[in-house]
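K.L.:
Here is the input, now give the coordinates:
(one chain, ligands or ions: 2)
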Amino acid sequence: MPDRKTVLTCAQPTGQLHLGNYFGAIRNWANMIDDYECFFGIVDQHAITMPYEPAELRKSTYRMVAAYVACGLDPAKCHLFAQSHIIGHTELAWILGCLCPLGQLERMTQYKEKSQRENAGFVGSGLLYYPVLMAADILLYNADRVPVGEDQKQHLELCRDLAIKFNNTYSETFRVPSVDIPKTGARIRSLQDPERKMSKSDANQNGCVYLLDPPAVIRKKFKSAVTDSGREIVAREDKPGISNLLNIYSAATGRSIEKLEAENAGVSYGDFKSKVAEAVVDLLSPIQERFEAIVNDKDQLNGILAEGAKAAQKVAFKTLSKVHRKVGFVERPRI
Ligand code: ATP
Ligand code: LTN
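P.N.:
Ligands and ions are numbered 1, 2, ... in the order given. Modelled structure (predicted):
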């Protein structure tokens, strides 16, 4: 279908996916694969901007492909690719970087945070250049929609600035992507501290439910979830714990919060937490089964990445040769 609009989004192959990632991002992406030409990049080149273990990166990349497929990103309907497989991301980043004011990169929140967090005192230039590479990821595919979380807003704005600057400096080349931050979509909070978002970097790991947690661990985490004073099961501002549990219950079952409130009137907090845990176990079981069935099948995972790379490279080469022409590079010889 050539006239379908393009969706592109990427994630770093670091850490394990959790319920927040699933409800807030991956499940929404899975809902787009029938209507859009979707490219989902696993950005391994971004992942080396912070200290890391090569063997771990390789393993995480494969696990991420397996997890995405298990979560419904059907490789027959979308393109899953590894950033490092595609010629064009770093090439375009170089060109965009030559248009990007240094000061704008130095002012990026993520750069400031991560460069200060770096305890060894070493800050690689890649960390500063990260947002330019991200702009290249997006512009290379002329994406119509780039679904990202709120934390990526500043990076997306830089991408827009660079697209506009390129178009003005040379001539109309890039589609300027809109900032596409879903307002809806469950914002899942930590089970231990519902004032904060569920996050893999949470100091209290009991607050974070991973997609691959065994049922016993999921039940334990929900059992120890903090609730609020009182006994009512209602979503209300002064009841952040119960509101979060209702939110998770609703996201896991597809039933509305109102319906769940009505159904659970009079149920004790303890029993309610067990019900939510069971709903999450039921939701995650088939995902975990699909993950286990594929994660050790290297041939299949490599095949998925090869298919993704083929589709992505086709688009990338097209954009890259156009960009090379516009900036005045001479025609590439056939070699
Ligand atoms: P970190 O633990 O380092 O903060 P993270 O767990 O927030 O990372 P990211 O890799 O930054 O995960 O996010 C991947 C995607 O998941 C983003 O689109 C982000 O908006 C979404 N996401 C992350 N946490 C939540 C959450 N608690 N609720 C809803 N969406 C979330
Ligand atoms: N910086 C993003 C990951 C990312 C991305 C992208 C997202 C890299 N390139 C292009 C969307 C489009 C993050 O850390 N979540």
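
K.L.:
For residue 8, give me the backbone phi and psi.
P.N.:
Here is the backbone geometry of residue 8 (degrees, to the nearest 10): phi -130, psi 130.

K.L.:
That one bridge partners, please.
P.N.:
With DSSP bridges as the criterion, residue 8 is bridged to residue 39.

K.L.:
Next: residue 197.
P.N.:
Legend: beta-bridge partners of residue 197 under DSSP bridges are residue 189.

K.L.:
List the residues that contact it.
P.N.:
Residues in contact with residue 197, defined by CB atoms under 8 Å, 6 or more residues apart in numbering, are 20, 187-190. Yep, even glycine has a C-beta here, placed from its N, CA and C like the rest.

K.L.:
from these, which two are the most distant?
P.N.:
187 and 190 (11.4 Å; CB to CB).

K.L.:
who's more crowded, these two?
P.N.:
Ranked by neighbour count (other CB atoms under 10 Å), residue 187 and residue 190 place residue 190 first, with 24 against 15.

K.L.:
Would you mind pulling up the elements that the longest helix anywhere in the chain packs against?
P.N.:
In the chain, taking DSSP state H as the definition, the longest helix is helix 298-327. Judged by 3 or more CB pairs under 8 Å, 6 or more residues apart in numbering; DSSP states H and E, helix 298-327 is in contact with strand 37-42, helix 54-70, strand 79-82, helix 89-97, helix 269-295.

K.L.:
Phi, psi for residue 126 please.
P.N.:
Phi and psi for residue 126, reported as degrees, to the nearest 10, are phi -60, psi -30.

K.L.:
Would you confirm that it contacts residue 52?
P.N.:
No. With contacts counted by CB atoms under 8 Å, residue 126 stays clear of residue 52, the gap being 11.4 Å.

K.L.:
I'd say residue 157 and residue 179 touch.
P.N.:
Yes. Counting by CB under 8 Å, residue 157 does reach residue 179; the two are 6.9 Å apart.

K.L.:
Helix or strand: which one has the residue nearest to residue 61 when sequence neighbours are not counted?
P.N.:
Leaving out its chain neighbours, the residue that sits closest to residue 61 by CB to CB, 6 or more residues apart in numbering is residue 13, at 4.4 Å. Of the helices and strands defined by DSSP states H and E, none includes residue 13.
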